[in-house]
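# Dropping the sequence and predicted coords here.
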Amino acid sequence: MTRFTLTITATPADIDELGHVNNAVWVRWIQDIATAHWDAIAPPEHRAAYVWVVTRHEIDYRGNVVAGETVTGETWVPEPPKGARFDRHVRFTGSDGKVKLEAVTTWALLDRATGRLLRVRPDIAAPFLA
């Protein structure tokens with residue numbers, strides 16, 4: 001599998017009334033790292049023809065992150081897709097080495113022009129499973 005990493009620093013806008021990164025921000029970061037992975041690895045013709053949508057998030061919040069703190073996100077696709085869907089794993093680790101969040105998200109492939117669900121062909125999945 002091809003792992004992908006992204007570093008993110010929490011801004012004051014990411015912080016909720018409890019003084020740490022809001023849960024909705026974590027969901028946005030999960031989408032940000034998944035999108036960045038797709039953009040970095042998928043060939044241009046695939047990026048132009050297809051779009052991914054989330055069908056499910058399973059998130060375990062393991063620690064807090066405050067404004068100015070940096071986390072390193074890591075994502076990977078451990079198994080081949082099933083039809084139109086595949087599971088993406090995500091982990092964010094703080095600069096202290098502790099895991100702050102772990103997630104498994106299910107994504108579905110759509111034809112960008114028609115909005116229709118598509119089976120993930122082996123050539124689309126291959127760059128993420130190599």
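Arrived safely.
# pLDDT below threshold where in this protein?
For the chain, the stretches with pLDDT under 70 are 1, 130.
# residue nearest the centroid of it?
The centre of the chain sits closest to Ala34, judged by Cα atoms, centre = their mean, with a distance of 3.0 Å.
# Now find how far off-centre the helix or strand where it lies is within its chain.
Element membership of Ala34, judged by DSSP states H and E, is helix 23-41. The chain centroid and the centroid of helix 23-41 are separated by 4 Å under Cα atoms, centre = their mean, to the nearest Å.
# how about stretch 53-66: buried residues?
By neighbour count with 16 or more other Cβ atoms under 10 Å, stretch 53-66 contains the buried residues Val65. From N, CA and C alone the C-beta is placed, and that goes for glycine too.
# Identify the residues contacting it?
Here stretch 53-66 makes contact (Cβ atoms under 8 Å, 6 or more residues apart in numbering) with 10, 15, 19-21, 23, 26-27, 30-31, 71, 85, 92, 94, 98-108, 110.
# at 7 Å instead, please
With contact meaning Cβ atoms under 7 Å, 6 or more residues apart in numbering, stretch 53-66 is reached by 10, 15, 19-21, 26-27, 30, 71, 85, 94, 98-108, 110.
# go on, stretch 120-130?
Met1, Thr2, Ile41, Ala42, His46, Val77, Pro80, Pro81, Ala84, Phe86, Leu109.
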